[in-house]
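Enquirer: A structural model of the following input is requested.
(chains A and B)
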Amino acid sequence: MAEPRTSVEPALRLRDLTVTFGGAHPVRAVDGVDLDVHPGRVLAIVGESGSGKSATALASIGLLPGSAEVTGSATVAGVDLVTAAESQRVPLRGSSIAMVFQDALAALNPYRTIGRQISDAYRLHHRVDKTAARKRAVEVLDRVGIRDPERRVDDYPHEFSGGMRQRAMIATAIVNNPTVLIADEPTTALDVTVQQQVLDLLTGLTDDLGMALVLITHDLGVVAETADDIAVMYAGRIVETGTVLDVFDHTAHPYTRALLQATPNLDAPSRRLAAIPGVPASGANRPTGCAFHPRCPFAEQVGEACQTVDPHLTPRPGSALHRAACHFTAEQELPHV
Amino acid sequence: MSEPLLSLEQVSKTFRGRSTPFAPPSVTHAVDEVTLDVKPGETVALVGESGSGKSTLSRIALRLLDPTSGTVRWDGEDITRAHGRGLRTLRRELGVVFQDPYTSLNPRQTVGRIIAAPLRNQGLPRDEKTLASLITSVGLSPEQLNRYPHQFSGGQRQRIGIARALATGPRMIIADEPVSALDVSIRAQILSLLDELQQDRGLALLIVSHDLAVVRGIADRVAVMRAGRIVETGRVEQVYADPQEDYTRALLAAVPVPDPHRRARPLPVD
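Expert: The predicted structure follows:
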């Protein structure tokens, strides 16, 4: 059960986070993102390729390459990871803020046992001997649902199935009890039956350990089943944010609406999925005004503003947390379909 | 009822590992005595998790893999052991769309040349008018024939792959995970395109997918594969509404539903 977030300090606070990839034609991948992630809550960052969702995550944990210019702030445990020196970031990375990646096979070292990789992560932040670290590795493997952890701790990654490797990577990420866990498309490469187990594990850890979980995904089905809060990104910006009920029940951005209509729902009568016309915009090819206007069914009704004026996130009625960046819904609700 | 266009009868494919002095070779039954028909104008979805054998089966149907046993028929004719010229008709009448629009198009060839390749192989005319009509039919414009794949988005590349599959005027198309590499907002575009082409041209369509939700809106029949076998098959409405097998039920139940009111996890409090 998600903690109420009133009066609780956010575990991760992003302010005006901006990421620019340099070169002859600089690309602004993330453009002024503000986000709060609270302990015991799941924030889903939703977006398609080029939306900046992964760059936001990597900037938050300070893992972007030197070629990326990051401005703004990403505050964890009172330290701004954007401006802090690497020597200040290192003790936080892994212990206060940790990350789980999409491809566990690429993230795990094929030459080291699972147990060794987990205990190495533990010993980076704890002064303990190998026996104690190994004991801790067995403990977290058990926590992430690996059966017979005493034996499997000595296995190599190739001896684990895809779902087990993802669990092992989660074990490595939570071994130091981080306050923030960022999971970047953690189930995209998994079969649906395994996906469900891994999502249950991640939300269970959030509830039991009081972690703040940032779940990055393009799948609104996954979001509906796991998220407490949502931020929808398009072309480097947040276009709609609020609680899961704000965004699903009172959708206030045409892009969010279009994504929902393009998402199949096995619980609803079969229908042809509504396609979103055009091509997703990104920081590299950002249209003027509202970046979504070339694909938006309401842009014509609003007129010139959509093509020329950049909409800002403004509050939507009914919830203190619900905000959207849209000229159309600033004046009226989206019509029912 | 019309005769099947593609017919797989008791088809098996076994892969053997290397034997060592101390152990016999490992044997994998990737496809195990599978029977599946696709009739003209019909859309069939072949659904399964990774390792279920669905891609192996589709490669056997395409005659890119030889089955270990069983019979592959095309339009009634046994083509199980056909080679070279014997496959000429199949190559003209059965098109294929691959999963990854980034690796399945030659980056050094123009789109026009890519689309013309099947026509070249078949010695069919490939004049500008033919190519222009092909690329228009997938929602792109003739001016784009001179461009290269990297100048297109993922969705547009998949359209190019579909145009190539349509080039020889096939009677059937096999699409292996045609939308799994695409953005959500683009998937519906490509599925609608396949659906329209199927209806306009009376094509038969075999869609291989791991995603039960994606194929529901476009398939007539669905076959669920597990561990090399088809465990359940039937009309789409019937299988989705009233699955007979536990495995199908589990697969359906695991698909996330985009409605927070249906979820197991408690909703947030504020």
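Enquirer: could you look up the SS state of the residue of the stretch 101-250 of chain A found nearest chain B?
Expert: Residue of the stretch 101-250 of chain A nearest chain B, by CB to the nearest CB: A:Gly221 (3.0 Å). Using the backbone N, CA and C atoms, a C-beta is placed for each residue, glycine as well. What DSSP: H, G, I helix; E, B strand; the rest coil gives for A:Gly221 is helix.
Enquirer: how about the nearest residue to it, chain neighbours excluded?
Expert: B:Pro256 (3.0 Å; CB to CB, 6 or more residues apart in numbering or on different chains).
Enquirer: and that neighbour, how many neighbours does it have?
Expert: Residues lying near B:Pro256 (other CB atoms under 10 Å in any protein chain shown) number 25.
Enquirer: ditto for B:Glu177
Expert: For B:Glu177, the count of nearby residues is 20 (other CB under 10 Å).
Enquirer: did I read that right, the residue nearest to A:Gly221 in a strand?
Expert: No - checked against three-state DSSP, B:Pro256 lies outside a strand; its state is coil.
Enquirer: returning to what we had before: where does the residue of the stretch 101-250 of chain A closest to chain B land on pLDDT?
Expert: What the model reports for A:Gly221 is a pLDDT of 95.
Enquirer: quick check: it touching B:Ala254?
Expert: No - using CB atoms under 8 Å, A:Gly221 is not in contact with B:Ala254, being 10.4 Å away.
Enquirer: so the two - more neighbours on which side?
Expert: Neighbour tally, A:Gly221 and B:Ala254, criterion other CB under 10 Å: the higher count belongs to A:Gly221, 22 against 16.
Enquirer: contacts only, for that one.
Expert: Neighbouring residues of A:Gly221 by CB atoms under 8 Å, 6 or more residues apart in numbering or on different chains: A:263, A:265, B:213, B:255-258.
Enquirer: any chance of those in JSON lines with distance to A:Leu43 and pLDDT as columns?
Expert: Output for the contacts of A:Gly221, formatted as JSON lines (distance: CB to CB, whole Å; pLDDT from 0 to 100):
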{"residue": "A:Thr263", "distance to A:Leu43": "19", "pLDDT": "92"}
{"residue": "A:Asn265", "distance to A:Leu43": "23", "pLDDT": "91"}
{"residue": "B:Ala213", "distance to A:Leu43": "24", "pLDDT": "89"}
{"residue": "B:Val255", "distance to A:Leu43": "23", "pLDDT": "93"}
{"residue": "B:Pro256", "distance to A:Leu43": "17", "pLDDT": "94"}
{"residue": "B:Val257", "distance to A:Leu43": "20", "pLDDT": "94"}
{"residue": "B:Pro258", "distance to A:Leu43": "17", "pLDDT": "95"}
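Enquirer: with respect to A:Pro254, which of the residues you listed is nearest?
Expert: Nearest to A:Pro254, judged by CB to CB, of the contacts of A:Gly221 is A:Thr263 at 14.9 Å.
Enquirer: quick one: secondary structure of the closest one?
Expert: What three-state DSSP gives for A:Thr263 is coil.
Enquirer: and if you look at the one 3 residues further on?
Expert: Here A:Leu266 is recorded as coil under three-state DSSP.
Enquirer: ok, it touching B:Val215?
Expert: No - with contacts counted by CB under 8 Å, A:Leu266 stays clear of B:Val215, the gap being 11.2 Å.
Enquirer: more neighbours: which of these two?
Expert: B:Val215 (22 against 16).
Enquirer: what about that one, helix or strand, and which?
Expert: Assigned by DSSP states H and E, B:Val215 belongs to helix B:212-216.
Enquirer: contacts for that helix, please.
Expert: Helix B:212-216 is contacted by residues A:192, A:221, A:264-266, A:270, B:45, B:47, B:179-180, B:187, B:191, B:207, B:209, B:222, B:236, B:240, B:251-252, B:255 when judged by CB under 8 Å, 6+ apart.
Enquirer: what about the residue nearest to A:Gly221, distance to B:Ala116?
Expert: Note on B:Pro256: its distance to B:Ala116, by CB to CB, to the nearest Å, is 42 Å.
Enquirer: same check, this time on B:Gln99
Expert: Using CB to CB, we find B:Gln99 at a distance of 22 Å from B:Ala116.
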